[in-house]
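*Asks:* Next one to model:
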Amino acid sequence: MEENIAKLLKRKAGPDKVTVKGWLRTKRDSKTISFLELNDGSCLKGIQVVVDKNNFNNPEIIDSLTTGCSVECLGTIVESVGVNQDVEISAEKITLVGECPADSYPLQKKRHTLEYLREISHLRARTNTIGAVARVRSTMAYAVHKFFQENGFYYVNTPLITGSDCEGAGAMFEVTTLDMNKPPRTEDGKVDYSKDFFGKHTSLTVSGQLEGETYAMALKNIYTFGPTFRAENSVTKRHLAEFWMIEPEMAFCNLDGDRDVAERFLKFVFADVMDKCHEDLVFFDKFVEPGLIDKLTHVVSTPFSHMEYTDAVKELEKASDKFDFKPYWGCDLQTEHERYLSEVVCKGPVAVTDYPKEIKSFYMKANDDGKTVAAMDVLVPRLGEIIGGSEREYRYDILVDKMNALGLRAEDYWWYLDLRRFGSVPHAGFGLGFERAVMYVTGMQNIRDVIPYPRAVGSAEF
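*Replies:* Predicted coordinates for the structure are as follows:
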């Protein structure tokens, strides 16, 4: 494979011919010299191509090069006399691969707002900000797989189309082949899903956890990493209708083990991206979130604190006047509470555990006190909750009682209950919304800017 610009910038000057391909960012002309900046997305900085018009076989091509056009350049690597780069390309031949009309190209030589760039998502990856996000996102995704693969986990692909709702985690998108203008009806007038493709009501998944648990009961440690869908009518900077989730499940594991894996996982991913995307993080630190690198370093180097929900509420009640939503035992912690706990009380990442059973899901293990469940949320400064998890209820009778109390039909979860009948073991897991993690690492403020094509209320372009 040909070397990309990131690798060419690390080369030493020499007589060997090299070929560079990319998109023209800028062009500066004088009577005898042209300076072109090419970028191919492999790094933040482009490479400078110098054209000596007096010693160039087709100088007339320079006039046809405009911002955004794609070119191929043949030349040699030479030492640069400029202050912003060590090497540059001395061009011998330039080929215009794809022209770009200067008067209609949406990315002009100025700083564009992120709101505007969302309107041209098919082109926005060519900008410094979104290009850097894409590189960080790719590196983080690889680090996710690397962590689990190196620690004995197996990657499991859970279904995107499902007939069950995991935990009532959110409104679901219906999947159907029925004609919605005139759907078949039952005798009582309801839609007859027995005539549908799957013979029953199905939806896009909100989580792969329940299916993931079935494989943990056979392979011990597994993880999922895939798209999930929630039809929540939320127009906020933190919500998407389509996003990616990372969900490990571990057999023979309790809540303490779950916390330990969550901490090691976050530190591994953050440290890896700090190592491999340093140039991009410096950019984010300078232009998006000042102090970002120091904050990430603090998370990676600081042992996570641990406090129970009851103690956390006591700390919040001491500062009750600081919050819009007044804390009390039994409340679901708000982002302002989570940030206060991590930023002020613990001054670093903290895992809050043992939440009231009324505000957590049916599958979480009941604690002996009869009031709480073995749940955890990992909170980090600046964001609040970044991971949510629990020890799962592995005792058949207790799980059935909880489902009955919540009005869940056991027959809808017969296969899930089978896990508790046939060789049940204590097990635990957690979920991490990948886009939230990318937001945290890059400092980006809107979740729509850390996924290539955001899907949200009223937005399904491209």
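
*Asks:* hey, let's count contacts and neighbours off CA atoms from now on
*Replies:* Fine.

*Asks:* wouldn't Pro227 be in contact with Phe243 here?
*Replies:* Yes. With contact defined as Cα atoms under 8 Å, Pro227 and Phe243 form a contacting pair (5.4 Å).

*Asks:* tell me the average confidence for the helix or strand where Met439 lies?
*Replies:* Following DSSP states H and E, the helix or strand that holds Met439 is helix 434-442. When pLDDT is averaged along helix 434-442, the result is 97.

*Asks:* Leu419 falls within a helix, correct?
*Replies:* Yes. Per DSSP: H, G, I helix; E, B strand; the rest coil, Leu419 lies within a helix segment.

*Asks:* Next, find the distance separating the residue nearest to it when sequence neighbours are not counted from Gly208.
*Replies:* Leaving out its chain neighbours, the residue that sits closest to Leu419 by Cα to Cα, 6 or more residues apart in numbering is Thr214, at 6.9 Å. Distance, Thr214 to Gly208, using Cα to Cα, to the nearest Å: 10 Å.

*Asks:* of the two, who's got more company?
*Replies:* Gly208 (26 against 17; other Cα atoms under 10 Å).

*Asks:* gap between the nearest residue to that one once chain neighbours are set aside and Gly226?
*Replies:* In space, Gly208 comes closest to Thr158 once its chain neighbours are excluded; the distance is 5.5 Å by Cα to Cα, 6+ apart. Using Cα to Cα, one gets 8 Å for the distance from Thr158 to Gly226.

*Asks:* where does the chain have low pLDDT?
*Replies:* Scanning the chain for pLDDT under 70 picks out the ranges 1, 165-170.

*Asks:* which residue sits farthest out from the middle of it?
*Replies:* Distance to the chain centre peaks in the chain at Asn54, reaching 50.0 Å (criterion: Cα atoms, centre = their mean).

*Asks:* That residue contacts Lys31, correct?
*Replies:* No. The pair Asn54 / Lys31 is not scored as a contact, 9.5 Å apart, by Cα under 8 Å.

*Asks:* you'd agree Val378 is in a helix?
*Replies:* No. Counting by three-state DSSP, Val378 is not found in a helix; it is strand.

*Asks:* still on that earlier bit, what about the residue nearest to Gly208, which SS state?
*Replies:* coil.

*Asks:* tell me which residues of the helix or strand containing Tyr416 are tucked away?
*Replies:* Here Tyr416, judged by DSSP H and E, is contained in helix 414-421. By neighbour count with 16 or more other Cα atoms under 10 Å, helix 414-421 contains the buried residues Tyr416, Leu417, Leu419, Arg420.

*Asks:* Could you dump the residues you listed into a markdown table with distance to Leu341 added?
*Replies:* As requested, the buried residues of helix 414-421 are exported to a markdown table (distance: Cα to Cα, whole Å):
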| residue | distance to Leu341 |
| --- | --- |
| Tyr416 | 35 |
| Leu417 | 36 |
| Leu419 | 37 |
| Arg420 | 36 |
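
*Asks:* which one of the residues you listed sits closest to Leu333?
*Replies:* Distances from Leu333 to these, taken as Cα to Cα, are shortest for Tyr416 (29.0 Å).

*Asks:* contacting residues around the closest one?
*Replies:* Counting by Cα atoms under 8 Å, 6 or more residues apart in numbering, Tyr416 touches Leu210, Thr214.

*Asks:* and if we set it to 6 Å?
*Replies:* By Cα atoms under 6 Å, 6 or more residues apart in numbering, the contact set of Tyr416 is empty.

*Asks:* and if you look at Arg124?
*Replies:* Applying Cα under 6 Å, 6+ apart, we find Arg124 in contact with Leu117.

*Asks:* Please tell me how far it sits from Val441.
*Replies:* Note on Arg124: its distance to Val441, by Cα to Cα, is 20 Å.
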